[in-house]
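Novice: the sequence isn't on hand, but the structure is:
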């Protein structure tokens, strides 16, 4: 059977099912000899589903999620797998490559503006409708929401060219950091090249100096929504040129159409003629040899696979880079899918790294930080103390129960807020609005008695024909500013206003003691019919508000009942914490004096004594060992 090529990063370094597929392709006979004929059988032998807390999709909290993220019988699995695979990792190769600056990634967070928050709320509403089964999958589905959410996390203008340009937005942060690295390299006398990775918003055309004009982007923002007028690449280059980086030092990987052009571009990057290269993972990943003077790399978006991140960062963290350190920036927009995407990829990579390792694998392997387990193992071996293992288990149990307790407390505070503040306020507001609606209905009834004929005032002109009134109203609405609620006239004693938002939806608002809203269409007569229906149907709000008040009152009582329920694991948590305290006291971990603890049989004490005499900081109770 042929062996696959030896690689550090292979396409099949993925999750359990893909490992099974690779074995099925290369080792079908070996699997059948073990009685494995399908994935369920493979999973029963080598995998296990575990449940753990993880970040929610919207990044606003945590949830329990069951995943196939634990391997069992791992030595047998890897022995079979290595019959057809060579695993080569960084620690095995020990190549002279640059280190991460300060030993960590630079996480750059952006706060979402009001528009992003509004669109995220619309995503939630859409998801609820889809989950309820009331939406045709050809019109809307979760895949579409996921795609649009990724665009939103990068820049809202990728969804709507008329969306506002947030000063604190991700792309503007990228521009700031790229320019900072450019100036820093210049101060330090380095050539200082950089890579910017974005799989989203690839260029729709070549960059031109016309883009330096403020009017260019304003005109782009006024274009009809087409889903492709704004692109990340040209915007980044425009802003970088405005900061002072020469346009001829910034290149797009997409501009190199042929192999010859790519070779010229890569040579320019290696020589420093080009300082900034913007590209996607596919075009700027494998085979891109531009590392010579790279000082920084920027992840504008998060790819789907850990291997994509490896390919991106492998452009700079590799042999041939003359810099000792490379800064790697990861950009995240809070309140969007960005945090969830990075968390998902991180979990995948952590899981993969525990299997594809140069070290001897354990019997089981799950989604836990390997560094923590390694530290605990060294400590247990050094002291020969069985209490260390118990403490590890107790610490994990306490952490799990504290997370549950924190979730319980958080929910309890929320429940207390519900019946003491939130629902009383909602009930009061609903009652006040109900009173306003009833007063508006009285005014409406009087207006119907005194003036039964149709009449609408737009500006200073009054129209008695629906066609004329509707046409005049549409003209007035077209002149209103986006994002504002603008008075445009009156109708039978009620003020008439127009509301325009940034996503292209306009509303007609009738205001009395309270407001009544209907979505505008392009039909003059149709809008007048909507206006009259809004006017004549005011009393429908009375029944709606009465039911809403009743619902709020029930929810308030339910919150009070739930608030009074005790924490189900309170006694277990107290017992675990007490045992944890006892272990800490017996091990004397508070002072780091593990070697002095009187905790075992004579043989164990002798081993502890020998450890105490050694000078290895990892085998004593010194502060360095604690770290």
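Specialist: Perfect, I can see it now. Just so it is clear, the model here is predicted, and its values are computed rather than measured.
Novice: which stretches of the stretch 101-250 of the chain have low pLDDT?
Specialist: Residues of the stretch 101-250 of the chain meeting the criterion pLDDT under 70: 205-206, 208-228.
Novice: run the last query once more with 80
Specialist: Along the stretch 101-250 of the chain, the parts satisfying pLDDT under 80 run over 121, 124-134, 141-143, 146, 201-202, 204-229.
Novice: which stretches in it count as helices?
Specialist: 114-131, 142-154, 170-187, 214-222, 232-243 (DSSP state H, counting those that start in this stretch).
Novice: pick the most buried one from the ones you listed.
Specialist: helix 232-243 (a mean of 21; mean count of other Cβ atoms under 10 Å). Every residue, glycine included, has its C-beta placed from N, CA and C.
Novice: partner strands of the helix or strand just after that helix, with direction?
Specialist: Next along the chain after helix 232-243, taking DSSP states H and E as the criterion, comes strand 250-252. Strand 250-252 has these partner strands in its sheet, going by DSSP bridges: strand 276-279 (parallel).
Novice: list the buried residues in the next helix-or-strand element following the strand it pairs with.
Specialist: For strand 276-279, the following helix or strand on the C-terminal side (DSSP H and E) is helix 281-284. By neighbour count, with 16 or more other Cβ atoms under 10 Å as the criterion, the buried positions of helix 281-284 are 281, 283-284.
Novice: roughly how far is helix 281-284 from the heart of the chain?
Specialist: Chain-centre distance of helix 281-284: 22 Å, with Cα atoms, centre = their mean, to the nearest Å.
Novice: and stretch 300-311, by the same measure?
Specialist: 14 Å.
Novice: quick one: buried residues of stretch 557-576?
Specialist: Those would be 559, 563, 573, 576, for stretch 557-576 by 16+ other Cβ under 10 Å.
Novice: picking up where we left off before, out of the helices of the stretch 101-250 of the chain, which gets nearest to residue 17?
Specialist: helix 142-154 (19.6 Å; Cβ to Cβ).
Novice: quick check: residue 279 touching residue 256?
Specialist: No: using Cβ atoms under 8 Å, residue 279 is not in contact with residue 256, being 9.3 Å away.
Novice: these two - which one has more neighbours?
Specialist: A side-by-side neighbour count of residue 279 and residue 256, using other Cβ atoms under 10 Å, places residue 279 first with 26 against 18.
Novice: now for the closest residue to that one other than its chain neighbours: which residues touch it?
Specialist: Excluding the flanking residues, the one nearest residue 279 by Cβ to Cβ, 6 or more residues apart in numbering is residue 253, at 3.2 Å. By Cβ atoms under 8 Å, 6 or more residues apart in numbering, the residues touching residue 253 are 262, 265, 277-280, 283-284, 288.
Novice: specify which member of these is nearest to residue 532.
Specialist: Closest to residue 532, out of all of the contacts of residue 253 and judged by Cβ to Cβ, is residue 280, at 53.3 Å.
Novice: and the buried residues of helix 281-284 as CSV, adding pLDDT and distance to residue 119?
Specialist: Listed next are the buried residues of helix 281-284 as CSV, based on pLDDT from 0 to 100; distance: Cβ to Cβ, whole Å:
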residue, pLDDT, distance to residue 119
281, 86, 26
283, 84, 29
284, 82, 29
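Novice: and residue 510, helix, strand or coil?
Specialist: strand (DSSP: H, G, I helix; E, B strand; the rest coil).
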